[in-house]
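> My questions are about this predicted structure, shown below with the sequence.
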Amino acid sequence: MSTELSEGRDLDGLGEQVTEGLTDICSGTAGSSSSMASVAEYYAGKNVLITGATGFMGKVLVEKLLRSCPEVKAVYVLVRPKAGQSMQQRISDMMKCKLFDRVRDDDPDFHQKIIPISSELMQPGLAISPEDVEKLSSCINIVFHCAATIRFDEPLKHALQLNVIATQQLLSLAQQMHHLEAFIHISTAYANCNRKHIDEVIYPPPVEPKKLIESLEWMDDSIVRDITPRLIGTRPNTYTYTKALAEYVVQQEQDKLNIGIIRPSIVGASWKEPFPGWIDNFNGPSGVFIAAGKGILRTMRANNDAVADLIPVDVVINLTLAAGWYTAVHRPKTALVYNCTTGGINPFHWGEIEHHVMSSFKRNPLEQAFRRPNANITSNYLINQYWILVSHKFPALIYDLFLRLSGQKPQ
């Protein structure tokens, strides 16, 4: 991708004082300028609301907050029942994860600080009961909005509901919170990927969100599907399109709320915290890496010289918590935007990734690998098609033939 992200500020986008705070939060200790409390001290006694807490980034945010800011009063999480599980069961299962081992060692009763709130982002008012609305309105100090659909092929109506309308409704709830000090919205560095250079500003939306929502309400899904390519224009998918709209929606409340917007690039496994290499999904590059390590994926069409703008999840979460602290302490008059990326200051290319990933899997092979890892990245269409035929289709046909000859059903 040709997009370049602004290097006008440090990686965390906060300048020297917050860089110190970011260092403090990594260690969970105090130590900032005399005019501000340390990050851990700030969160002491605070009630925090997190959306998307059962997702990849949400889990790491909950863990980091409880471990590095042990005096936080309570962490409220919006959760919906899913696949026959109640919200209490989902939270209980989440806390059994290895991710929380360090927190569990420090405080075996840490789970008592996590308070689930029944919610559904697809429903009016987020389906939060009047009693819970009253509870949240009376106690919440900081909101971290992590919930979103990250599917690139999400139908526009669905993506708009989850990424834009749900954000509007959460902002409406935030305005009812009597003690709210900061509202932090997690966006994406690719919300404006149609631009050559991306500064830490909120760009005009491709369309007025309110008008788009009103227009799509009466349209059949088939009509919306047909007009989606023209609506999203030069953006590659509905994800980046609706995240851009969400940024604008959040900005519109900057006169009423203290707002920070985090724009991470491709979020990958943890770098250091709570331990190196933690990840709980196969989304994005991690799925490609595993497929290559298993020997399933042998070729991929991509530009070896393109920047792979990967960012470890713990770096994003450290910035998110530091930005919450900075926003609450300084109460900026306009929304602050932080590009949390690596490509501008420490570019890492897909060709380099191919080399390191293959070298790692050859030194440390995965269990039950299909065949020896040997993936190849090429930008040439014909070469890619050749390797698909030789390395993917022919082996699959031979395997199906073997299954038929042995009396089994081909897969």
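Nice, thanks for sending it over.
> what about the residue nearest to Pro81 when sequence neighbours are not counted, distance to Gly52?
Excluding the flanking residues, the one nearest Pro81 by C-beta to C-beta, 6 or more residues apart in numbering is Met87, at 5.7 Å. C-beta: built from backbone N, CA, C; applies to glycine. Counting by C-beta to C-beta, to the nearest Å, the gap from Met87 to Gly52 is 14 Å.
> for Ser38, same thing?
For Ser38, the distance to Gly52 - C-beta to C-beta - is 26 Å.
> Give me the neighbour count for Trp278.
20 (other C-beta atoms under 10 Å).
> let me fix that: Leu382
Leu382 - counted by other C-beta under 10 Å - has 8 other residues nearby.
> residues making contact with whichever helix or strand it is part of?
Following DSSP states H and E, one finds Leu382 within helix 381-387. For helix 381-387, the surrounding residues in contact (C-beta atoms under 8 Å, 6 or more residues apart in numbering) are Arg298, Thr299, Met300, Arg301, Asn376, Thr378.
> which residues does the second one contact?
Contacts for Thr299 were tallied using C-beta under 8 Å, 6+ apart; they are Ala375, Asn376, Ile377, Thr378, Asn384, Trp387, Ile388, Ser391, His392.
> For it, give the beta-bridge partners.
Asn376 (DSSP bridges).
> Give me the phi and psi angles of the residue nearest in space to the middle of the chain.
Nearest to the mean C-alpha position of the chain, by C-alpha atoms, centre = their mean, lies Met57 at 5.3 Å. Geometry field for Met57 lists phi and psi as phi -70, psi -40, criterion degrees, to the nearest 10.
> What pLDDT is listed against it?
At Met57, the predicted lDDT confidence score is 96.
> in this structure, what secondary structure element scores lowest on mean pLDDT?
Least confident helix or strand of the chain, by mean pLDDT, DSSP states H and E, is helix 15-27 with a mean of 43.
> Quick check: the farthest pair among the contacts of Thr299?
Ile377 and His392 (14.8 Å; C-beta to C-beta).
> who has more neighbours, these two?
Each of Ile377 and His392 has its neighbours counted (other C-beta under 10 Å); Ile377 has more, 21 against 14.
> Do I have it right that that one meets Met300?
Yes: counting by C-beta atoms under 8 Å, Ile377 touches Met300, with 5.4 Å between them.
> out of Met87 and Gly52, which sits in the busier spot?
More crowded of Met87 and Gly52, by other C-beta under 10 Å: Gly52, with 21 against 18.
> Off-centre distance for the helix or strand encompassing Leu136?
Using DSSP H and E, Leu136 sits within helix 130-139. Centre-to-centre, helix 130-139 and its host chain are 27 Å apart (C-alpha atoms, centre = their mean, to the nearest Å).
> again, but for stretch 98-111
For stretch 98-111, the distance to the chain centre is 23 Å (C-alpha atoms, centre = their mean).
> pretty sure Asp106 is touching Pro70, no?
Yes: counting by C-beta under 8 Å, Asp106 does reach Pro70; the two are 6.9 Å apart.
> Settle it for me: which of the two has more neighbours?
Counted by other C-beta under 10 Å, Asp106 and Pro70 do not tie: Pro70 has more neighbours, with 16 against 12.
> So the more buried one sits against Asp109, correct?
No: here Pro70 lies out of contact with Asp109, judged by C-beta under 8 Å, at a distance of 11.5 Å.
> before we move on, the earlier item: quick one: average pLDDT of the helix holding Leu382?
94.
> Check which element follows it along the chain.
Helix 381-387 is succeeded, C-terminally, by helix 394-405 (DSSP H and E).
> helices or strands next to that following helix in the packing?
Using 3 or more C-beta pairs under 8 Å, 6 or more residues apart in numbering; DSSP states H and E as the contact test, no helix or strand touches helix 394-405.
> Pull out the buried positions in it.
Neighbour counts over helix 394-405 (16 or more other C-beta atoms under 10 Å) mark no residue as buried.
> Any idea how far stretch 215-234 is from the middle of the chain?
Distance, stretch centre to chain centre, for stretch 215-234: 26 Å (C-alpha atoms, centre = their mean).
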